[in-house]
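In: Just to be clear, the model below is a prediction. Sequence and coordinates:
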2 protein chains.
Amino acid sequence: MSDAHAARRERLREYCSASGADAALITRAANVRYLTGCPPLGAALLLTRERAVLAVPEDAEPAEGGEGGEGRLDAEVTRLPVPAEADAASAAAEAAARLGVRDLAVEEHDLTVARHRTVARAVGPARLLDLDRAVERLRVVKDEYEIADLRIAAEIADQALGELLESILVGRTERHLAMELERRMIDHGADRAAFPVSVGTGSHSGLEHHQPTDRRVEEGDFLTVALGARYRGYGISTARTFVIGAAPAAWQVELHRLVFHAQRAGREALGPGVEQHVPDDAARSILQAAGHAERSVHALGHGIGLEIREAPRLGPADMGKLDNRVPVTVGPGVHLPGRGGVRIEDTLVVRPPEEGGPELLTITTKELLAL
Amino acid sequence: MSDAHAARRERLREYCSASGADAALITRAANVRYLTGCPPLGAALLLTRERAVLAVPEDAEPAEGGEGGEGRLDAEVTRLPVPAEADAASAAAEAAARLGVRDLAVEEHDLTVARHRTVARAVGPARLLDLDRAVERLRVVKDEYEIADLRIAAEIADQALGELLESILVGRTERHLAMELERRMIDHGADRAAFPVSVGTGSHSGLEHHQPTDRRVEEGDFLTVALGARYRGYGISTARTFVIGAAPAAWQVELHRLVFHAQRAGREALGPGVEQHVPDDAARSILQAAGHAERSVHALGHGIGLEIREAPRLGPADMGKLDNRVPVTVGPGVHLPGRGGVRIEDTLVVRPPEEGGPELLTITTKELLAL
């Protein structure tokens, strides 16, 4: 792994040189982790042409799923302890000043105005540039180490969901089912849930970001479950909708089939070189043809990795092209107010047709199970 | 409640007038909530002399423990819907431009440099000033509505802890105990845990911010539990240390007594007009006299409310004075590497002696129970 981190830093150095900066100050937690493997919260990384200095507050809490903490930093990275409650970014900026840095690129989308001012003071005569989202752009295409972690995260979520489906659901509350899923994911080795587990039953089914309530599962309900595990920092996201009881109603069968088809069309449209809006178009046109256009304002999906929502976005107006080895979510949904609805979401890795096309990570069945 | 929110906004308006701004743009989530009662994440509040405009993204997730969402906004607050994925701060800044605002104070400790730039563009010719932490300063002294919510949050944590103490602990993992405490708090009505529950047993006991592991509770262990509930946005924090088995060792009795005394000294030093470092001095001198100075580098405590760590800090170098009706934590600890340790923390509200002195919110016994 440490070779991978060093290679990532090398790519960032190339970017900095090309953009006229002789050093970069990385403060965004996911980016620090990506470049060093080191997860303590509040750490800041100074990357000069020859050095990598990681400023870590003494009372830093390690992020979940650390790969072993400071012991595992590769040889190139020097650890700079920072007094508790001091700002690691300023400490790293002072180190930059000592090392004679002249043009320091900082993450203006992460530093607050107040913190930027403190960094400017600490770095002395050096000029501050904007690194912008350079590290986020590097993170879009994943290496096989990252994809291996994503596969495990998906397996954990699938296991937790599979176990839940074997248990009695009628009479239990959304809140309890959500907590049980979270506990099962942790039991199976997750750092934690990648986002708050969402369980929606009856009229709550099919809603995105539904917060579990005390509503109990009843016969005849649609039940939508959205969950994701985080493993060694990498998260995935998946959603399924089932029906409770022996015989789904005709409208439930029909709505589920519709969303199933839309989701499949979205998945099948994924591929290297495909414009980002194409999978959304494919899914949306199916929903629109059935008269559900107005219910699906969100993008079909988005990139996923160290952050649960990262580049690229798969929305109707997104014009860039997908690359090979980019993990994305594909998750359309339809909600009928007062009645409920269906959401089906997978995490997949974009792969070329000669490698078998998109790699499905979340393999729990998408059929309309009657539970 | 809506009167309370309106009164808070009035105080902020007075501050703005005095500092030369004719409007304020509030982006920090806890501050938006404090001034409106409205919890959706990503919302931004524009407060002019006559108007209060709350920009809310259409896909905003409500924060936990909402007081009813938009229906409960008081009459003065206008809701401005913002397209999903747009920035509420920029939308509010555009509204400021339309209303003829000339000097707009923004929260420079919250806005990133990139977002500040977007806001500056959106507000047109108006000048951007720094509101600094004005709302955080207003939030320090709590009103009785807020203290009532804090009391309930403390009661919830006490109930969850009390139930755990009645169950069998030996053989269970830190991770499972932590999840059970979280579940119990939610069962008792918490929005959620105010922070990740920490359970440390054996050599992990007494550590601050310990992340629960798969270590199992054994006979003779110290067991430290740190937990807090959040109720309607307001959080509290408490920690207790117990011993497992019938007969604590002499060193355990002694160490527990020491931390107990230090914590009591800290609590008893609280009062309106007392300098912030005084409770820390009181607790620290007891630990130092026993030779444990080097193990307690952290501040003794801090303010608590809509954020789990807010002003005022109770550290050795903090010179300000405590006010009446300020909730704070008091939580010293000693950890002996390889052996374990003790942490005892309460949340209390500063009250004058004529009202009976500090009001203890977290009432679970601090004795060395043998479980």
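Out: Arrived safely, thanks for sending. Numbers count the residues shown, from 1 in each chain, chains lettered A, B, ... in the order given.
In: can you count the residues close to whichever residue of the stretch 201-350 of chain A sits closest to chain B?
Out: Of all residues in the stretch 201-350 of chain A, residue A:209 sits closest to chain B, at 4.8 Å by CB to the nearest CB. C-betas here are computed from N, CA, C, even on glycine. Residues lying near residue A:209 (other CB atoms under 10 Å in any protein chain shown) number 15.
In: Okay, it and residue A:166: tell me how far apart.
Out: 27 Å (CB to CB, to the nearest Å).
In: wouldn't residue A:114 be in contact with residue B:108 here?
Out: Yes. When contacts are counted by CB atoms under 8 Å, residue A:114 is listed as touching residue B:108 (4.7 Å).
In: Mind listing the shared neighbours of those two?
Out: residue B:130 (CB atoms under 8 Å, 6 or more residues apart in numbering or on different chains).
In: the more surrounded of these two?
Out: Set residue A:114 next to residue B:108 and count neighbours by other CB under 10 Å: residue B:108 wins out with 21 against 17.
In: Next one, pLDDT for the closest residue to that one other than its chain neighbours please.
Out: Residue nearest to residue B:108 in three dimensions, not counting chain neighbours: residue A:113, with 3.8 Å by CB to CB, 6 or more residues apart in numbering or on different chains. Predicted confidence (pLDDT) for residue A:113: 97.
In: got any ranges where the stretch 201-350 of chain A has weak pLDDT?
Out: A:293-297 (pLDDT under 70).
In: Just the strands from it, written as ranges.
Out: Counting by DSSP state E, counting those that start in this stretch, the stretch 201-350 of chain A has strands at residues A:222-227, A:229-231, A:234-235, A:238-243, A:301-303, A:310-314, A:327-330, A:333-336, A:340-343, A:346-349.
In: Near chain B, which residues of the stretch 51-200 of chain A? Just list them.
Out: Residues of the stretch 51-200 of chain A lying near chain B by CB under 8 Å from any CB of the partner chain: A:58-59, A:61-62, A:64, A:84-85, A:108-117, A:130, A:175, A:179, A:182-183, A:186.
In: Near residue A:174, how many other residues are there?
Out: Neighbour count for residue A:174, taken as other CB under 10 Å: 26.
In: Endpoint to endpoint, stretch A:189-197 covers what distance?
Out: 16 Å (CA to CA, to the nearest Å).
In: And that stretch, what's buried?
Out: Neighbour-count burial for stretch A:189-197, with 16 or more other CB atoms under 10 Å in any protein chain shown as criterion, is recorded at A:190-194, A:196-197.
In: For it, what does the pLDDT average out to?
Out: 93.
In: got the contact list for that stretch?
Out: With CB under 8 Å, 6+ apart, stretch A:189-197 has contacts from A:63-65, A:152-153, A:156-157, A:178-179, A:181-182, A:185-186, A:211-212, A:225-233, A:235-237, A:308.
In: Out of those, which end up buried?
Out: Buried subset of the contacts of stretch A:189-197 (neighbour count, 16+ other CB under 10 Å): A:63-65, A:152-153, A:156-157, A:178-179, A:181-182, A:185-186, A:211-212, A:225-233, A:235-237, A:308.
In: Which stretches in chain A count as helices?
Out: Along chain A, counting by DSSP state H, helices occupy A:2-18, A:29-36, A:88-98, A:113-122, A:134-140, A:144-165, A:174-187, A:250-268, A:277-289.
In: avg pLDDT for the fifth one?
Out: Yep, that's helix A:134-140 we're talking about. In this model, helix A:134-140 has an average pLDDT of 97.
In: what sits against the closest residue to residue A:314 other than its chain neighbours?
Out: Spatially, and ignoring its direct neighbours in sequence, residue A:314 is nearest to residue A:301 (4.3 Å; CB to CB, 6+ apart). Under the criterion of CB under 8 Å, 6+ apart, the contact partners of residue A:301 comprise A:266, A:279-280, A:313-314, A:328-331, A:345.
In: Determine which two of those are furthest apart.
Out: Based on CB to CB, the longest span within those runs between A:313 and A:345 and measures 14.8 Å.
In: the more surrounded of those two?
Out: Neighbours were counted for residue A:313 and for residue A:345 using other CB under 10 Å; residue A:345 has more, 26 against 19.
In: Show me what the more buried one is bridged to.
Out: Using DSSP bridges, the bridge partners assigned to residue A:345 are residue A:239.
In: hang on, it packs against residue A:304?
Out: No. Using CB under 8 Å, residue A:345 is not in contact with residue A:304; the gap is 10.5 Å.
In: The residue nearest to residue B:108 contacts residue B:117, correct?
Out: No. Judged on CB under 8 Å, residue A:113 makes no contact with residue B:117 at a distance of 9.5 Å.
In: Give me the more crowded residue out of those two.
Out: With neighbours defined as other CB under 10 Å, residue A:113 and residue B:117 compare such that residue A:113 has more, 21 against 15.
In: show me the contacts for that one.
Out: B:108-109, B:111-113, B:116, B:130 are the contacts of residue A:113 under CB under 8 Å, 6+ apart.
In: now with 7 Å?
Out: By CB atoms under 7 Å, 6 or more residues apart in numbering or on different chains, the contact list for residue A:113 reads B:108, B:111, B:113, B:116.
In: Which members of these are the farthest-apart pair?
Out: The widest separation within the contacts of residue A:113 (CB to CB) is 9.5 Å, between B:108 and B:113.
In: ok, so what distance separates the residue of the stretch 201-350 of chain A closest to chain B from residue A:199?
Out: From residue A:209 to residue A:199 the distance is 12 Å (CB to CB).
In: One more: residue A:79?
Out: Residue A:79 sits 42 Å away from residue A:199, taking CB to CB as the criterion.
In: more neighbours, these two?
Out: For residue A:79 versus residue A:199, the count of surrounding residues by other CB under 10 Å is larger for residue A:199: 29 against 13.
In: Just confirm that one contacts residue A:212, I think it does.
Out: Yes. Using CB atoms under 7 Å, residue A:199 is in contact with residue A:212, at 4.9 Å.
In: Find the residues that touch each one of those two.
Out: In terms of CB under 7 Å, 6+ apart, residue A:199 and residue A:212 are both contacted by the residues A:174, A:178.
In: Let me know the pLDDT of the closest residue to residue A:52 other than its chain neighbours.
Out: Leaving aside its chain neighbours, residue A:52 sits nearest to residue A:77 (4.6 Å; criterion: CB to CB, 6+ apart). On the pLDDT scale, residue A:77 is placed at 92.
In: residues contacting residue A:77?
Out: Residue A:77 is in contact with A:36, A:52, A:54, counting by CB under 7 Å, 6+ apart.
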